[in-house]
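Peer 1: I would like the atomic coordinates for the input below:
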Amino acid sequence: MAASRVDVAARLRGLLGWGRWLALPLGSLLALAFAPGAQYLLAFACTAALFVLWHDASPREAAWRGFLFTVGTFLAGTYWLFHSIHLIGQAPVWVALLLMLGLVAIMGVYTAIVGYVGARWAPARGALRWLFLLPALWVLSEWFRGWFLSGFPWLALGYSQLSTPLRGFAPLLGVYGVSLAVAVTAGALAALLLGERRDRIVAAVIVLCVWGTGTALTRIEWTVPRGAPIRAALVQAAVPQSMKWAADQRAHTMQLYADLMVPHLGADVIVWPESAIPALEANVRPYLAQMSALANESGSSLLMGLLRRDAATGSYYNSVAAWALDQPVQWYDKRRLVPFGEFFPVPQAVREWLRLMNLPYSDFQPGRAGPAPLRAAGETFAPTVCYEDAYGSEQLGLVRQSSLLVNVTNDAWFGDSTAPHQHLDISRMRALESGRAMLRATNDGVTALIEHDGSLLGTLPQFQPGVLTGQVQPRTGRTPYVRFGNWPILAVLWLGLAVIVVLRRRSIRR
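Peer 2: Numbers count the residues shown, from 1 in each chain. Okay, here's the model as predicted:
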């Protein structure tokens with residue numbers, strides 16, 4: 001047995017000599033753990049492989065390996081950024097590459113810092129390193145990159161576990177709690193490869209506890225049904241992004257939405273996707289009045305994604321309008337905008353250059369803080385527009401007041417790529433965290449009805465016009481995550497790191 005472990009250790013040392021070259025392909029492989037690949041075991045294997053690559057590496061080398069690993073993940077996992085910026089946005093190739101590679105490099109820096117800190121100040125080996133310190137640093141980096149400099153919370157490890165028992169941690173600690181469970185499991189794998197007998201025993205016990213707890217948590221109903229289910233109809237017009245804003249297509253698009261909706265009048269709520277009509281709300285008011293009147297007369301509430309201009313301030317908003325029975329129109333304005341898509345954080349001179357280059361450069365304004373939920377079909381809806389549902393903790397104020405979630409989006413920017421499937425799983429995680437069903441209407445997929453436990457009640461095929469119908473159950477009550485947000489998981493991580501620092505100092509003194 002001892003001889004075999006020596007042989008394994010020797011082979012590992014040989015591989016670690018190639019660590020910098022292994023990091024990039026291993027990171028790329030991690031992207032397959034997320035939708036649509038959904039090979040969830042890769043989340044453990046690839047993260048464990050990175051922890052092994054960090055073994056005995058100098059701080060500088062560990063930083064390089066962490067950087068290349070995450071660069072590989074985001075190159076493979078968010079390649080669709082090039083599609084949206086160049087093919088749809090019509091930016092020059094060099095601009096699209098610069099923006100995409102710039103974002104990928106920034107994501108890599110976060111993991112480089114984790115690698116450097118782990119190599120510089122963590123114990124060189126042992127359960128404390130693999131099962132506590134590296135997982136805690138990893139999840140803190142996910143949380144930090146999710147909001148710093150506007151944030152990009154895509155591809156957090158927790159999103160890979162919607163079909164495993166680890167999903168049970170989501171209503172308790174949110175997606176970062178699931179990420180921590182993944183990272184601890186990966187650390188246990190590293191301990192099995194690199195640790196002493198005591199480390200391996202501790203790793204096995206902790207993994208059993210983590211997975212057993214996750215399994216038990218999946219059996220808890222954190223929220224309860226409220227009233228009867230409501231009938232929903234989600235409209236997907238599948239208008240290609242390349243045609244959406246063509247002036248000669250507007251009338252056709254308006255007629256298409258009307259034709260799709262009319263057979264489903266009478267549903268409790270009808271939802272159209274983000275910026276469904278390619279025009280400002282003020283320019284199509286007669287049409288909107290006709291559609292809302294049809295819905296009202298049939299007993300339906302209508303929710304619709306629209307672009308609007310505030311006449312008083314001249315500001316533009318990406319919004320959701322809601323027409324409920326015998327009520328004035330309600331508005332929700334998107335609060336989390338897309339950098340270089342909906343606003344341009346650049347000096348005025350650069351804006352002028354963008355205008356000369358025939359690139360979009362007009363800014364939208366974020367909606368006000370603390371909006372009210374939308375009232376429709378006798379229920380309260382917590383709305384999100386497009387990718388702002390990736391910022392789960394920012395929506396909790398609305399969720400606490402609501403019995404259902406609704407997301408309107410337009411993933412046509414990303415074509416037939418992995419992005420719409422990744423985005424769907426983000427929406428599923430929000431439903432799971434909140435214990436509330438979600439109505440998700442998209443322009444060309446993936447339109448879905450999502451149950452309160454994150455499972456799919458139904459979807460529409462991508463790139464095909466259609467209407468998804470079904471019943472969803474409003475629910476009341478608050479999951480622990482809805483009550484407290486990310487504070488519990490952050491408290492656990494920071495407290496754990498503080499304890500490790502104290503123990504490390506005592507060990508050094510001894």
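Peer 1: How far does whatever helix or strand residue 294 lives in sit from its chain's centre?
Peer 2: Assigned by DSSP states H and E, residue 294 belongs to helix 285-297. Centroid separation for helix 285-297 versus its chain: 34 Å, with CA atoms, centre = their mean, to the nearest Å.
Peer 1: Give the buried residues for the helix or strand that comes right after that helix.
Peer 2: Toward the C-terminus, helix 285-297 is succeeded by strand 301-309 as the next helix or strand (DSSP H and E). Buried positions in strand 301-309, judged by neighbour count with 16 or more other CB atoms under 10 Å: 301-308. Using the backbone N, CA and C atoms, a C-beta is placed for each residue, glycine as well.
Peer 1: which one of these is nearest residue 280?
Peer 2: residue 307 (5.5 Å; CB to CB).
Peer 1: so the closest one bridges to which residues?
Peer 2: When assigned by DSSP bridges, residue 307 has beta-bridge partners residue 280, residue 318.
Peer 1: Identify the residues contacting it.
Peer 2: 275, 279-281, 316-319 (CB atoms under 8 Å, 6 or more residues apart in numbering).
Peer 1: Derive a PyMOL selection command for the buried subset of those.
Peer 2: In PyMOL, this line selects whichever of the contacts of residue 307 come out buried by 16+ other CB under 10 Å:
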select buried, resi 275+279+281+316+317+318+319
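Peer 1: and which of the contacts of residue 307 is nearest residue 182?
Peer 2: When those are compared against residue 182 (criterion: CB to CB), the nearest one is residue 318, at 33.1 Å.
Peer 1: Go ahead and confirm the closest one touches residue 336.
Peer 2: No. Assessed by CB atoms under 8 Å, residue 318 is found out of contact with residue 336, at 10.2 Å.
Peer 1: hey, what's in contact with both of the two?
Peer 2: Counting by CB under 8 Å, 6+ apart, nothing touches both residue 318 and residue 336.
Peer 1: where in the stretch 301-450 of the chain is pLDDT low?
Peer 2: For the stretch 301-450 of the chain, residues meeting the criterion pLDDT under 70 lie at 339-362.
Peer 1: contacting residues around the helix holding residue 294?
Peer 2: Under CB under 8 Å, 6+ apart, the answer for helix 285-297 is 254, 257-258, 261-262, 265, 270, 277, 281, 301-302, 304, 306, 321, 323, 325-326, 329.
Peer 1: next one: stretch 370-379
Peer 2: Residues outside stretch 370-379 that contact it (CB under 8 Å, 6+ apart): 227, 230, 268-269, 300-303, 320, 322-324, 327, 330, 332-333, 335, 380-383, 397-398, 401-404, 406, 474.
Peer 1: Which ones among those map onto strands?
Peer 2: Using DSSP state E, 230, 269, 301-303, 320, 322-323, 330, 332-333, 380-383, 404, 406 are the members of the contacts of stretch 370-379 that sit in strands.
Peer 1: ok, and the closest non-adjacent residue to residue 388?
Peer 2: residue 336 (3.7 Å; CB to CB, 6 or more residues apart in numbering).
Peer 1: check contacts around the one you found.
Peer 2: 366, 387-388, 391, 394.
Peer 1: of the contacts of helix 285-297, buried ones?
Peer 2: Buried members of the contacts of helix 285-297, scored by 16+ other CB under 10 Å, are 254, 257, 261, 265, 270, 277, 281, 301-302, 304, 306, 321, 323.
Peer 1: Going by distance to residue 57, which of the residues you listed wins?
Peer 2: residue 306 (52.5 Å).
Peer 1: hang on, isn't that closest one packed against residue 276?
Peer 2: Yes. Between residue 306 and residue 276 there is a contact under CB under 8 Å: 7.0 Å.
Peer 1: Save the contacts of residue 307 as a markdown table, and put in distance to residue 79 too.
Peer 2: Listed next are the contacts of residue 307 as a markdown table, based on distance: CB to CB, whole Å:
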| residue | distance to residue 79 |
| --- | --- |
| 275 | 24 |
| 279 | 32 |
| 280 | 33 |
| 281 | 34 |
| 316 | 30 |
| 317 | 30 |
| 318 | 25 |
| 319 | 30 |
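Peer 1: Quickly name whichever of the contacts of residue 307 is closest to residue 59.
Peer 2: Distance to residue 59 across the contacts of residue 307 (CB to CB) is lowest for residue 318, with 43.5 Å.
Peer 1: Look up how far residue 91 lies from the closest one.
Peer 2: Distance of residue 318 to residue 91, given as CB to CB, to the nearest Å: 20 Å.
Peer 1: how about the helices in the stretch 101-250 of the chain?
Peer 2: 127, 134-145, 170-194, 197-217, 241-244, 250-261 (DSSP state H, counting those that start in this stretch).
Peer 1: closest one to residue 67 among those?
Peer 2: Closest approach to residue 67 among the helices of the stretch 101-250 of the chain is made by helix 134-145 (12.0 Å; CB to CB).
Peer 1: how about that closest one: buried residues?
Peer 2: Across helix 134-145, burial judged by 16+ other CB under 10 Å covers 134-143, 145.
Peer 1: packing partners for it?
Peer 2: Counting contacts by 3 or more CB pairs under 8 Å, 6 or more residues apart in numbering; DSSP states H and E, helix 134-145 packs against helix 93-121, helix 170-194, helix 487-509.
Peer 1: just to revisit the earlier point, for the residue nearest to residue 388, grab phi and psi.
Peer 2: Note on residue 336: its backbone torsions stand at phi -110, psi 100 [degrees, to the nearest 10].
Peer 1: Let me see the contact set for residue 455.
Peer 2: Residue 455 neighbours (CB under 8 Å, 6+ apart): residue 428.
Peer 1: and it, how far is that from residue 297?
Peer 2: Distance from residue 455 to residue 297, by CB to CB: 35 Å.
Peer 1: try residue 58
Peer 2: Relative to residue 297, and taking CB to CB, residue 58 is found at 72 Å.
Peer 1: Please apply the same query to residue 35.
Peer 2: When residue 35 is compared with residue 297 (using CB to CB), they lie 40 Å apart.
Peer 1: for residue 186, same thing?
Peer 2: Taken as CB to CB, the span from residue 186 to residue 297 is 57 Å.
Peer 1: of those two, who's got more company?
Peer 2: residue 186 (26 against 11; other CB atoms under 10 Å).
Peer 1: so what's the more buried one closest to, chain neighbours aside?
Peer 2: Counting by CB to CB, 6+ apart, the residue nearest residue 186 is residue 47, at 3.6 Å.
Peer 1: so where is the protein shaky, pLDDT-wise?
Peer 2: Scanning the chain residue by residue, the ranges that satisfy pLDDT under 70 are 1-19, 88-89, 339-362, 503-504, 507-510.
Peer 1: returning to that earlier point: would you mark the buried spots in the helix holding residue 294?
Peer 2: The neighbour-count check on helix 285-297 (16+ other CB under 10 Å) flags 287-288, 291-292, 294-296 as buried.
Peer 1: possible to save those residues as CSV with distance to residue 486?
Peer 2: Listed next are those as CSV, based on distance: CB to CB, whole Å:
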residue, distance to residue 486
287, 42
288, 38
291, 39
292, 38
294, 43
295, 38
296, 40
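Peer 1: Return the member of these nearest to residue 111.
Peer 2: residue 288 (46.9 Å).
Peer 1: and that closest one, how far is that from residue 295?
Peer 2: Taken as CB to CB, the span from residue 288 to residue 295 is 11 Å.
Peer 1: can you pull out the strands in the stretch 351-500 of the chain?
Peer 2: 374-376, 379-385, 404-409, 438-442, 448-450, 456-459, 466-472, 475-476 (DSSP state E, counting those that start in this stretch).
Peer 1: Output those strands in CSV; the columns should cover mean neighbour count.
Peer 2: Below are the strands of the stretch 351-500 of the chain laid out as CSV (neighbours: other CB atoms under 10 Å):
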stretch, mean neighbour count
strand 374-376, 22
strand 379-385, 26
strand 404-409, 29
strand 438-442, 29
strand 448-450, 24
strand 456-459, 16
strand 466-472, 18
strand 475-476, 17
